[in-house]
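Enquirer: the amino acid sequence is not available; the structure is as follows:
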C-alpha cells in the first residue's frame with residue numbers, strides 16, 4: 001500500500017527524488033519510478049525476495065489546483081477512482097492557471113459527468129456516448145468558464161491510458177484522493193523541467209496526425225525543444241494530415257495564432273512540411289523576391305509582419321511592458337498610440353465567435369495579407385516588379401481558406417475586409433497631404449470595425465517592409481495617419497464617421513420627387529460626405545445639395 005507523501009520540509013536527502021515514487025527497505029532506497037507500480041517493480045528487480053515500502057516524494061512547492069478539483073471529489077463516490085490528467089497537471093507544475101480539466105475513470109464517465117453537472121448546477125454535454133466522453137461547463141460570475149471533461153480509461157489501467165496520449169508532459173496524472181502525488185510513468189515532469197517535448201510512443205502521430213500541429217504549438221507556447229526522435233516521427237507522419245478534419249486543423253491553427261510565438265510556430269510547421277496541408281497558399285511565398293523598399297522575400301516578410309504585430313500588441317496592451325518598447329520605432333508607437341490601450345483591449349476582447357479570439361483572426365489576416373502576390377506579380381514597362389490587385393485577389397483567397405476551415409461567415413467576412421483594404425493606410429500615408437475628412441470617412445465606411453485591425457497590421461507591415469532601413473520620416477508619417485484614423489473611430493465617431501441623419505430615403509422621394517432606386521442611395525451617401533466635410537449642416541442645406549446634384553445630372 002503506497003504511503004502518504006513526505007512533507008516538503010522533511011525531504012532531507014530525498015530531494016533528488018522529488019516528484020517520484022520510491023521503494024524503501026528500511027532507510028535504503030532500492031527502487032524508484034513515476035508510479036507506485038514502477039517503483040515496486042524496480043525494487044523487485046533488485047531485491048526480489050524482500051517486500052519494500054513504497055512512498056511518494058513530493059515536489060518542493062505544493063501543487064495548486066482549481067477549486068473545481070475539490071468539488072468534483074466531493075460529488076463522486078469515495079470508492080470511484082478518478083484521475084485528473086494532461087494539461088491541468090502540467091500547468092500546475094508550471095504554476096499556471098487553467099480552466100480546462102480532464103478527468104478519466106474506469107467506470108461510467110457519462111454518469112460521472114452528469115452527476116457533477118447536477119451537483120454544481122452546470123451545463124452537461126455528452127460528447128461521445130460510444131466512447132464514454134462527457135463535458136461539463138461551469139460559467140462564473142466574472143464571465144470566465146471552466147470546462148470539465150470526463151472520459152472512460154482507454155486502456156485496462158491508468159498507465160496504459162497515459163501511454164496512448166500525445167506527449168509525455170501531457171501524460172501526467174493525479175488521483176483526486178491524493179492530489180499532491182504525481183502519477184508519471186513516462187517521465188513527463190522531468191521532460192517539463194528540461195523543456196523537452198517528447199512523444200509518448202512512436203505511433204503517436206500516425207494514431208492522430210493533428211498532434212504534429214499540437215507539438216509545434218506546444219514547443220512555441222512553452223519554449224520547449226522537440227526531441228530529435230519525436231521531430232523525425234512528426235516529419236514522417238506529415239502525409240497523414242489529410243485525415244484530420246478541417247475543424248481540428250482550424251482549432252490547432254488558431255491556438256498557434258493566439259499563442260505567444262505564432263511566427264516561430266508557423267516557420268517550424270513550414271520547415272517540417274506540415275504547413276502545406278493546412279495553409280497551402282503560403283508555399284508560393286517562400287523565396288519570392290520583392291522590389292525595394294522590401295528587404296526580404298515574401299515569406300520572410302510575412303513572418304516578420306506577424307512578429308511585429310505581436311510586439312505592437314504587447315506595447316499597446318493595457319498592462320504595458322517597457323521592455324517590449326526597446327526598439328526606437330516601437331517606442332514611438334507607445335508614445336503616439338498609447339492613449340488607446342483600453343479601447344484596443346476592448347476591441348480585441350470582442351470576438352466574432354465565442355470559441356476563437358479576435359487576436360487569432362487578426363494574425364490570420366496578417367498571414368494572408370500578401371498571399372496573392374505570387375499569382376499577381378508582373379513586370380511593368382520600366383522592368384519593375386508589380387503586384388497589381390493582390391489585395392483584391394488575396395481577399396478572395398483568405399475567404400476561401402476561412403470557409404475551408406469552417407470558420408463562421410462573420411469571421412470570413414472580417415478576414416476578407418482586412419486583406420482587401422490592408423494597403424489603405426499605407427496609401428494614405430504616401431499621399432502629399434494628410435487624409436481629408438472624406439478620406440477618413442470612406443476608409444471606415446468600407447471597413448467598419450475591421451479598420452482598427454487594418455491600422456495595426458499596416459504598422460507591422462511597414463516595419464517588416466523596411467526592416468532596419470526604415471526612414472524616420474516614413475514611420476512618423478505612417479504613425480500620424482494611423483493616429484488620425486483611430487482618433488476618428490474612438491474620439492470623434494459622430495463628427496467623422498457616422499454623422500446624424502439629416503434626410504431619409506423617404507424624405508428624398510417626398511421633397512425631390514425621386515423614385516425608389518439606386519439614385520437615392522447615391523444621394524444619401526453624397527449628403528453624408530458633405531456633412532463630414534462641413535459643407536452640409538442641416539436639413540435645408542442637405543436638400544439644396546440634393547437639388548443641385550439632380551440638376552447637374554439633368555434631373556428634376
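Expert: Structure received. Keep in mind it's a predicted model, so treat the numbers as computed, not measured.
Enquirer: report the central residue of this protein.
Expert: Nearest to the mean C-alpha position of the chain, counting by C-alpha atoms, centre = their mean, stands residue 258 at 1.7 Å.
Enquirer: surely residue 397 and residue 369 touch.
Expert: No. At 10.6 Å, residue 397 does not count as touching residue 369 under the criterion of C-beta atoms under 8 Å. Where C-beta positions appear, they are placed from N, C-alpha and C, glycine not excepted.
Enquirer: list residues touching both of those two?
Expert: Jointly contacting residue 397 and residue 369 under the rule C-beta atoms under 8 Å, 6 or more residues apart in numbering are residue 419.
Enquirer: so for these two, which sits in the more crowded spot?
Expert: residue 369 (26 against 19; other C-beta atoms under 10 Å).
Enquirer: helix, strand or coil for the nearest residue to that one once chain neighbours are set aside?
Expert: Nearest residue to residue 369, sequence neighbours excluded (C-beta to C-beta, 6 or more residues apart in numbering): residue 422, at 4.7 Å. Applying DSSP: H, G, I helix; E, B strand; the rest coil to residue 422 yields a three-state assignment of coil.
Enquirer: show me what contacts residue 422?
Expert: Counting by C-beta under 8 Å, 6+ apart, residue 422 has contacts 365, 369, 391, 454, 457-458, 461.
Enquirer: rerun that using 7 Å as the cut-off
Expert: Neighbouring residues of residue 422 by C-beta atoms under 7 Å, 6 or more residues apart in numbering: 369, 391, 454, 457-458.
Enquirer: so it versus residue 226, what's the distance?
Expert: 33 Å (C-beta to C-beta, to the nearest Å).
Enquirer: residue 86 now?
Expert: Distance from residue 86 to residue 226, by C-beta to C-beta: 19 Å.
Enquirer: now do residue 391
Expert: Residue 391 is 36 Å from residue 226, by C-beta to C-beta.
Enquirer: again, but for residue 76
Expert: 37 Å.
Enquirer: and for residue 371?
Expert: Counting by C-beta to C-beta, the gap from residue 371 to residue 226 is 27 Å.
Enquirer: what's the answer for residue 400, then?
Expert: Residue 400 is 32 Å from residue 226, by C-beta to C-beta.
Enquirer: how about residue 510?
Expert: The spacing between residue 510 and residue 226, counted by C-beta to C-beta, is 71 Å.
Enquirer: do the same with residue 354
Expert: Residue 354 is 32 Å from residue 226, by C-beta to C-beta.
Enquirer: quick one, which of those two is more surrounded?
Expert: Taking neighbours as other C-beta under 10 Å, residue 354 and residue 226 compare with residue 226 leading, 21 against 7.
Enquirer: apart from its neighbours in sequence, what residue is nearest that one?
Expert: Residue 226 sits nearest to residue 197 (C-beta to C-beta, 6+ apart), 4.8 Å away.
Enquirer: who's in contact with the one you found?
Expert: 167, 169, 215, 218-219, 224-227, 230.
Enquirer: returning to what we had before: which one of the contacts of residue 422 sits in the busiest neighbourhood?
Expert: residue 454 (29 neighbours).
Enquirer: elements contacting the helix or strand containing it?
Expert: Per DSSP states H and E, residue 454 falls inside helix 450-466. The contact analysis (3 or more C-beta pairs under 7 Å, 6 or more residues apart in numbering; DSSP states H and E) places helix 450-466 against helix 298-315, helix 358-368, helix 409-420, helix 424-430, helix 437-447, helix 472-490.
Enquirer: ok, residue 113 - contacts?
Expert: Contacts of residue 113 by C-beta under 7 Å, 6+ apart are 124, 134, 136, 150.
Enquirer: could I get the full set of strands for the stretch 151-300 of the chain?
Expert: Listed in chain order, the strands of the stretch 151-300 of the chain (DSSP state E, counting those that start in this stretch) span 173-175, 178-183, 196-197, 225-226.
Enquirer: mind putting those in TSV, distance to residue 500 and mean pLDDT included?
Expert: TSV is the format used below for the strands of the stretch 151-300 of the chain (distance: least, C-beta to C-beta, whole Å; pLDDT from 0 to 100):
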stretch	distance to residue 500	mean pLDDT
strand 173-175	61	96
strand 178-183	61	94
strand 196-197	58	98
strand 225-226	58	97
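Enquirer: in TSV: those strands, plus distance to residue 285.
Expert: Formatted as TSV, the strands of the stretch 151-300 of the chain follow (distance: least, C-beta to C-beta, whole Å):
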stretch	distance to residue 285
strand 173-175	43
strand 178-183	44
strand 196-197	27
strand 225-226	24
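Enquirer: quick one, which of those gets closest to residue 270.
Expert: strand 225-226 (14.6 Å; C-beta to C-beta).
Enquirer: ok, the closest one: who's next to it in the sheet?
Expert: Here strand 225-226 is paired, per DSSP bridges, with strand 196-197 (parallel).
Enquirer: and residue 498, that's in a strand?
Expert: No. Applying three-state DSSP, one finds residue 498 to be coil, outside a strand.
Enquirer: distance check, it against residue 438.
Expert: 14 Å.
Enquirer: same question, residue 492
Expert: From residue 492 to residue 438 the distance is 14 Å (C-beta to C-beta).
Enquirer: residue 311 is in contact with residue 456, correct?
Expert: No. Between residue 456 and residue 311 no contact is recorded; they are 11.1 Å apart, counting by C-beta atoms under 7 Å.
Enquirer: quick one: contacts for residue 199?
Expert: 166-167, 205, 230, 233.
Enquirer: for beta bridges, what are the partners of it?
Expert: residue 167.
Enquirer: what sits against the residue nearest to residue 217 when sequence neighbours are not counted?
Expert: Nearest non-adjacent residue to residue 217, counting by C-beta to C-beta, 6+ apart: residue 256, 4.6 Å away. Shown in contact with residue 256 (C-beta under 7 Å, 6+ apart): 217, 262, 265-266.
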